[in-house]
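K.L.:
Sequence and predicted structure below; questions after.
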2 protein chains.
Amino acid sequence: MIRTSASSADCQIDNNTSCGTCRLSGLCLPLRMHLDDIDRLDRVIQRSRPLQKNQYLYRANDPFRSIYAVRSGTVKATTLTERGQEQITGFYLPGELVGLDGIAENRYTCSVMTLETSSICEIPFARIEELSAQIPSLQRNIFQLLSREITHDQQLISLLSKSSAEQRIAAFLLSLSRRHEARHLAANAFRLPMSRTDMGNFLGLTIETVSRVLSRFHAQGIIQLDKKEVRIADFPRLQELSEANN
Amino acid sequence: MIRTSASSADCQIDNNTSCGTCRLSGLCLPLRMHLDDIDRLDRVIQRSRPLQKNQYLYRANDPFRSIYAVRSGTVKATTLTERGQEQITGFYLPGELVGLDGIAENRYTCSVMTLETSSICEIPFARIEELSAQIPSLQRNIFQLLSREITHDQQLISLLSKSSAEQRIAAFLLSLSRRHEARHLAANAFRLPMSRTDMGNFLGLTIETVSRVLSRFHAQGIIQLDKKEVRIADFPRLQELSEANN
DNA sequence: CGGGTTGTTGAGCAATATCAATCAGGGTGG
DNA sequence: CCACCCTGATTGATATTGCTCAACAACCCG
């Protein structure tokens, strides 16, 4: 198991590694903070060398020390159900934070694994607590990030509770699209970094159903699909499919 | 629409209304705080006269001002899906907090409505932010409460994604049971304050399925059921049903 | 007492899961 | 370099779960 316990030497792997220069700072923790406060935050953040595919960032029940920001790549968070099945609770793109679930019980309730080679910023939570008592905008950001995670989860609850297979997959593709857009990446063409199995697990569908629905969307000209590469050909139709059933 | 904007006069309706004397303080926001800090917290909390059944505490898109603790009664939180359907995201018992979803966007994303006559403590969030910068244990409690909401939502995601109707309802009954127990109430006999429709909505099932499964559990002697009154007759079996499928 | 709302029960159906066969791609070892 | 295997994805056939529609019962409130 590879851990992200960065020494200061590691920080020099990439010489562009500070919140001040990071293109993601408009999405991530330093959002709307003053430059000097970002600097104080920056000094407690540890940046490790990239993790390869299928590496655990941490596992459920590990003691909670840090929250983590995805700098590049994609990770998935999974919980174990009572009968030992894995349930994916989210996929996280650059600029998104994982580990927030660990705060409640001082140990993580999820495991987090990379889906591809990924760089991660580790943010020791004890430091965050100290700093956020001193920097109101940081405290506010943490509150908001936690709250945003809640509203995201509730949207997912709604999706899982009410929607058909087509709606789920349409909504999933649109969610990825929007998040790419927010990162100044193409909204209409991107790579699905997760397997069909992972998609199905996340969306509460079997792998066969995922495959069938994607094939159907492709056949209907709504998307183009080549293995993991997707191109959304008909946004309005996909939007419709994600919403309306009748 | 009734609001909980309490004047100091309102506070005197019930002369036992302070966090220091509240039986729920071991579950609620003041958890593990020093007495004098609880006192400071107490002074910003506004306690209104009880709300009657089916009153909105707040509605989605209302500007976010406060979080709310349920003091007595039960409330439900609902979001509106894209096509205008209501999705219940949670039921909240005494000692539990609602309104945390509002922090992210400075307006609520859920509506919250009482299921029965309920007393609510209103906690202005701006005050909380100030105080929690000064009282580390309070800051920590807020972080933990937010994080706990996340882990709860994720458990629900797992339930909705993976489980059969029987598993969902078994798990739901057990969840209520555990929460009653934590409040020193009977774990094996309680009242379901929500309608079958609400249960179905929350669990992603139709009202007919809810009714059938409850009837089946009753017929099998696992629960006793008289309208909204439940009595869990066979805990181990219910536990089994909530977990194992095969 | 009556009417509206909520809950229960039954019958048939539709959506998705399950089971199974096949295919494609990638890595490995001969 | 190719044959082989292994994993992941696709597609087809069938089974099953829970939804839909419908009738009816119970309760609540005036």
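P.N.:
Everything's here; your move.
K.L.:
what's the spacing between the helix-or-strand element of chain A with minimal mean pLDDT and its chain's center?
P.N.:
Sorting the helices and strands of chain A by mean pLDDT, DSSP states H and E puts strand A:46-47 at the bottom, at a mean of 88. Per CA atoms, centre = their mean, to the nearest Å, the displacement of strand A:46-47 from the mean C-alpha position of its chain is 18 Å.
K.L.:
Give the pairing partners of that strand; include direction for each.
P.N.:
If you go by DSSP bridges, strand A:46-47 pairs up with strand A:119-124 (antiparallel).
K.L.:
Only C-alpha atoms, please: export the helix or strand that the strand it pairs with is followed by in PDB.
P.N.:
In the C-terminal direction, the helix or strand that comes right after strand A:119-124 (DSSP states H and E) is helix A:125-134. C-alpha atoms of helix A:125-134 as PDB (Å, rounded to 0.1, in the frame of the first residue of the first chain):
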ATOM      1  CA  PHE A 125      -6.800  18.000   9.400                       C
ATOM      2  CA  ALA A 126      -5.400  19.200  12.700                       C
ATOM      3  CA  ARG A 127      -3.600  22.000  10.800                       C
ATOM      4  CA  ILE A 128      -6.800  22.800   9.100                       C
ATOM      5  CA  GLU A 129      -8.700  23.100  12.400                       C
ATOM      6  CA  GLU A 130      -6.100  25.500  13.800                       C
ATOM      7  CA  LEU A 131      -5.900  27.600  10.700                       C
ATOM      8  CA  SER A 132      -9.600  27.800  10.200                       C
ATOM      9  CA  ALA A 133     -10.100  29.200  13.700                       C
ATOM     10  CA  GLN A 134      -7.800  32.000  12.500                       C
END
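K.L.:
center of chain A - which residue?
P.N.:
Here the mean C-alpha position of chain A is nearest to the C-alpha of residue A:92 (CA atoms, centre = their mean), at a distance of 1.0 Å.
K.L.:
can you tell if stretch A:166-175 touches DNA strand C?
P.N.:
Yes - using CB under 7 Å from any atom of the strand, a contact is recorded between stretch A:166-175 and DNA strand C, made by residue A:166. Every residue, glycine included, has its C-beta placed from N, CA and C.
K.L.:
Domain boundaries for chain A, per the record?
P.N.:
Taking automatic domain parsing as the criterion, chain A consists of the domains A:10-159, A:163-243.
K.L.:
most neighbours per residue, which of the ones you listed?
P.N.:
Counting by mean count of other CB atoms under 10 Å in any protein chain shown, domain A:10-159 has the highest mean neighbour count of these, with a mean of 19.
K.L.:
what are the ranges of the strands in chain A?
P.N.:
Defined through DSSP state E, the strands belonging to chain A, from first to last, are A:46-47, A:56-58, A:66-72, A:75-80, A:86-92, A:97-98, A:111-114, A:119-124, A:189-191, A:223-226, A:229-232.
K.L.:
any idea which of the ones you listed scores lowest on pLDDT?
P.N.:
Out of the strands of chain A, strand A:46-47 stands lowest, with a mean of 88 (criterion: mean pLDDT).
K.L.:
wait, what's in contact with the nearest residue in space to residue A:63 that is not next to it in sequence?
P.N.:
Nearest residue to residue A:63 in three dimensions, chain neighbours excluded: residue A:107, at 5.4 Å (CB to CB, 6 or more residues apart in numbering or on different chains). Under the criterion of CB atoms under 8 Å, 6 or more residues apart in numbering or on different chains, the contact list for residue A:107 reads A:60, A:61, A:62, A:63, A:64.
K.L.:
and the domains of chain A as CSV, adding distance to residue B:235?
P.N.:
Conversion of the domains of chain A to CSV gives the following (distance: least, CB to CB, whole Å):
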stretch, distance to residue B:235
domain A:10-159, 15
domain A:163-243, 28
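K.L.:
now those domains in CSV, with distance to DNA strand D?
P.N.:
Rendered in CSV, the data for the domains of chain A read as follows (distance: least, CB to the nearest atom of the strand, whole Å):
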stretch, distance to DNA strand D
domain A:10-159, 9
domain A:163-243, 3
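K.L.:
Please name whichever of the ones you listed is nearest to residue B:162.
P.N.:
Between residue B:162 and these, the tightest spacing by CB to CB is seen for domain A:10-159, at 5.9 Å.
K.L.:
The closest one and DNA strand C, any residue contact?
P.N.:
No - remark: domain A:10-159 sits outside contact range of DNA strand C, by CB under 7 Å from any atom of the strand, the gap being at least 10.4 Å.
K.L.:
so where's chain A uncertain?
P.N.:
Counting by pLDDT under 70, chain A has low-confidence residues at A:1-16, A:244-246.
K.L.:
mind listing the helices for it?
P.N.:
For chain A, the helices identified by DSSP state H occupy A:35-44, A:125-134, A:136-162, A:165-182, A:196-203, A:207-219, A:235-243, in order along the chain.
K.L.:
and the angle for the shortest one with strand A:75-80?
P.N.:
Our comparison of helix A:196-203 with strand A:75-80, counting by axes from the mean of the first three to the mean of the last three CA atoms, to 10 degrees, yields an angle of 60 degrees.
K.L.:
quick one, helix A:196-203 and helix A:136-162 angle?
P.N.:
Between the axes of helix A:196-203 and helix A:136-162, defined by the same axes, to 10 degrees, the angle is 100 degrees.
K.L.:
Next: the fourth one.
P.N.:
Angular relation of helix A:165-182 and helix A:136-162 on a 0 to 180 degree scale: 160 degrees, by the same axes, to 10 degrees.
K.L.:
Outside of helix A:165-182 itself, list whatever touches it.
P.N.:
Identification of contacts with helix A:165-182 by CB under 8 Å, 6+ apart yields A:27, A:93, A:95, A:159-160, A:163, A:186-188, A:190, A:192, A:199, A:202-205, A:209-210, A:213-214, A:216-217, A:223, A:230, A:232, A:235, A:238-239, A:241-243, A:245.
K.L.:
same thing with the first one?
P.N.:
Contacts made with helix A:35-44 from outside it, assessed by CB under 8 Å, 6+ apart, are listed as A:18-20, A:25, A:29-30, A:33, A:123-124, A:127-128, A:131, A:135, A:137-138.
K.L.:
Swap in 10 Å and give it another go.
P.N.:
Under the contact criterion CB atoms under 10 Å, 6 or more residues apart in numbering or on different chains, helix A:35-44 has outside partners A:17-22, A:25, A:29-34, A:66, A:121-124, A:126-128, A:130-132, A:134-138, A:141.
K.L.:
what do you get for the fifth one?
P.N.:
Around helix A:196-203, the neighbours that count as contacts under CB under 10 Å, 6+ apart are A:76-78, A:85-91, A:113, A:115, A:156, A:159-160, A:163, A:165, A:167-169, A:171-173, A:192, A:194-195, A:205-211, A:213-214, A:228, B:157, B:161-162.
K.L.:
chain center to that helix, what's the gap?
P.N.:
Using CA atoms, centre = their mean, the distance from the centre of helix A:196-203 to the centre of the chain it belongs to is 15 Å.
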